[in-house]
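Student: A structural model of the following input is requested.
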Amino acid sequence: MQQTLREQTVLVVDLDGTLIRSDMLYESLWAACRADWTAGLAVAAALPRGRAAVKRLLAGRAMPDPASLPYDEAVLDRVRAWRAAGGRTVLVTATDQGPAERIAAHLGLFDEVHGSDGTTNLKGPEKAAFLTRRFGAGRYAYIGDSPADLAVWREAARAITVNAPEALRWQVEALGVETEHLGGATRPLRPYLRALRPHQWLKNILVFLPMVAGHQLHAGVLLQSLMAFVAFSLVASSVYVVNDLLDLAADRAHPRKRNRPLASGALPISHGTAMAPLLLGLGFLIAAALGPAFLGVMAVYYLLTTVYSFDLKRRLIVDICALACLYTLRIVAGAAATGIVLSVWLLAFAIFFFFALAAVKRQAELVDIAARGALGASGRDYQVGDLAVVSQMAVASGYVSVLVMALYVNSPAVSKLYSFPAALWGICLILLYWISRMIMTTHRGNMHDDPVVYAAKDRVSQICGLLIFALALVATVV
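Tutor: Reported below is the predicted structural model:
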């Protein structure tokens with residue numbers, strides 16, 4: 001290291017994908033969209049003026065907190081070691097000058113900061129020319145991560161790559177400069193799969209409920225329900241990705257959600273931005289094959305989830321109502337895909353039952369916040385003092401759903417579908433117990449962020465589900 005420093009005393013560090021495991025262009029874009037959904041329109045209008053103009057526009061609209069960004073510790077260690085050995089460090093990035101200066105000020109590791117100025121996008125050949133003018137060819141080491149940095153490495157005395165794929169490593173080594181590689185050469189698939197939240201697809205099993213409740217257990221109906229499940233899962237995953245992009249700042253402030261692929265930097269934000277429309281397109285392609293009714297329900301679902309992500313999730317009580325509607329829409333979608341007519345009883349039970357689950361979800365968040373000593377939920381319109389009211393809403397709505405179930409068991413419609421309707425009373429008792437236990441579990445701080453995911457892993461909930469299935473079977477065949 002000492003010999004290298006005598007020959008070149010400047011270490012030039014890139015920002016996007018190098019110093020941080022993210023991209024400030026996309027960070028700023030999604031932060032701006034979170035603050036104002038019309039930001040996307042403003043960006044589209046600025047595109048003809050070039051990427052530098054877009055970055056300057058976004059820098060003026062939103063700036064993520066530098067303290068929350070996912071920094072690459074290996075790069076930070078290298079910068080600290082270089083400075084400790086007496087070398088100068090410089091941050092040179094295509095990110096706009098304003099955000100670059102705020103990040104450098106937060107870290108306190110750089111002697112100079114140079115970014116795009118609204119006209120010139122300091123990337124690739126533009127960056128190489130700037131560094132040659134500033135320091136001279138072969139008078140600096142450069143840490144970068146992308147093919148755009150090849151022009152810079154060509155003029156550098158030393159090339160240091162960060163998490164570069166094998167093909168890029170070979171290209172850098174072929175330049176004939178001293179080369180060093182930091183990080184892995186391959187990007188694992190696990191973060192991409194986690195970003196889809198496949199465990200949340202469990203909710204989409206609700207599309208099978210009309211088929212089961214209507215006793216329409218035929219091969220054709222099953223195939224239609226399966227297609228509806230796949231379509232819903234793809235569209236839902238698209239929504240989850242968008243939701244995570246909008247919630248980057250809030251997730252990074254959360255003790256568990258900060259490990260999500262996009263928030264942690266394990267999955268590049270640019271890749272997440274591309275995944276969302278791809279998943280949406282595939283989902284709607286399958287939806288179109290199931291007919292206009294199902295396609296219409298999917299469109300309503302996507303519209304509601306989009307509005308929820310941008311606005312409704314931050315509104316008191318409205319967010320709980322929206323979540324209950326989103327759950328119920330899955331049942332409506334199953335009916336639309338198969339042509340089965342839904343009963344009023346099923347819809348009434350669903351809306352109250354899912355309102356209770358949505359309230360439990362908010363209750364769990366408030367219990368967690370209270371345990372951490374905070375006053376309110378980040379990105380939500382709830383305070384710790386609201387906990388008792390939210391818990392009461394969960395209890396009341398859950399019990400009303402059981403009441404609807406009890407009234408249904410005593411209705412004339414039941415005798416047409418079940419040979420032994422009395423067994424359904426057992427389901428009412430199990431639901432009453434399960435709802436009460438879920439709320440008590442949440443009250444004690446043992447609930448997962450999502451009650452559906454918790455129930456899927458909880459042994460008692462699994463036993464309750466098996467008992468409900470057994471009682472429904474007895475009511476049907478005895």
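
Student: ends of stretch 436-455, how far apart?
Tutor: Terminal residues of stretch 436-455 are spaced 13 Å apart (CA to CA, to the nearest Å).

Student: same thing with stretch 415-431?
Tutor: Start-to-end, stretch 415-431 (CA to CA) is 21 Å.

Student: off-centre distance for it?
Tutor: Centroid separation for stretch 415-431 versus its chain: 40 Å, with CA atoms, centre = their mean, to the nearest Å.

Student: what comes up buried for that stretch?
Tutor: Residues of stretch 415-431 classed as buried by neighbour count (16 or more other CB atoms under 10 Å): 418, 421, 423-424, 426-428, 430-431. For the C-beta atoms, the positions are set from N, CA and C on the backbone; glycine is no exception.

Student: include pLDDT and secondary structure when you put the residues you listed into a markdown table, please.
Tutor: Converted to a markdown table, the buried residues of stretch 415-431 look like this (pLDDT from 0 to 100; DSSP: H, G, I helix; E, B strand; the rest coil):
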| residue | pLDDT | secondary structure |
| --- | --- | --- |
| Y418 | 82 | coil |
| P421 | 86 | helix |
| A423 | 90 | helix |
| L424 | 91 | helix |
| G426 | 94 | helix |
| I427 | 93 | helix |
| C428 | 94 | helix |
| I430 | 96 | helix |
| L431 | 95 | helix |
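
Student: and of these, the nearest to L107?
Tutor: Closest approach to L107 among the buried residues of stretch 415-431 (CB to CB): L431, at 53.9 Å.

Student: helix or strand for the residue lying closest to the closest one once chain neighbours are set aside, which one?
Tutor: The shortest distance from L431 to any non-neighbouring residue, by CB to CB, 6 or more residues apart in numbering, is to V402 (5.0 Å). Using DSSP states H and E, V402 sits within helix 387-409.

Student: ok, R169 next?
Tutor: Counting by DSSP H and E, R169 is part of helix 166-173.

Student: show me what the helix or strand following that helix is packed against.
Tutor: Where DSSP H and E defines the elements, the next helix or strand beyond helix 166-173 is strand 178-182. Packed against strand 178-182, as judged by 3 or more CB pairs under 8 Å, 6 or more residues apart in numbering; DSSP states H and E, are the following elements: helix 73-84, strand 158-162, helix 166-173.

Student: the last one packs against which elements?
Tutor: Spelled out, it's helix 166-173. Using 3+ CB pairs under 8 Å, 6+ apart, helix 166-173 is in contact with helix 150-155, strand 158-162, strand 178-182.

Student: how about 6 Å then?
Tutor: With contacts defined as 3 or more CB pairs under 6 Å, 6 or more residues apart in numbering; DSSP states H and E, the packing partners of helix 166-173 are strand 178-182.

Student: mind listing what's buried in the strand it packs on?
Tutor: Of all the residues in strand 178-182, those buried under the rule 16+ other CB under 10 Å are 179, 181-182.

Student: tell me where the stretch 1-150 of the chain has strands.
Tutor: Under the criterion DSSP state E, counting those that start in this stretch, the stretch 1-150 of the chain contains strands at 10-13, 88-96, 112-116, 140-144.

Student: quick one on the thing from earlier: so can I have JSON lines of the buried residues of stretch 415-431 showing distance to G272?
Tutor: Output for the buried residues of stretch 415-431, formatted as JSON lines (distance: CB to CB, whole Å):
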{"residue": "Y418", "distance to G272": "47"}
{"residue": "P421", "distance to G272": "49"}
{"residue": "A423", "distance to G272": "47"}
{"residue": "L424", "distance to G272": "45"}
{"residue": "G426", "distance to G272": "45"}
{"residue": "I427", "distance to G272": "41"}
{"residue": "C428", "distance to G272": "43"}
{"residue": "I430", "distance to G272": "40"}
{"residue": "L431", "distance to G272": "38"}
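
Student: for V474, state which of these is nearest.
Tutor: Proximity of the buried residues of stretch 415-431 to V474 was ranked by CB to CB; the top entry is A423 with 4.4 Å.

Student: show me where pLDDT drops low in the stretch 351-478 of the chain?
Tutor: 374-380, 449, 478 (pLDDT under 70).

Student: next: the stretch 151-300 of the chain.
Tutor: Looking at the stretch 151-300 of the chain by pLDDT under 70, you get 185.

Student: ranges for the helices of it?
Tutor: 166-173, 190-195, 209-213, 219-246, 248-252, 261-264, 269-289, 292-310 (DSSP state H, counting those that start in this stretch).
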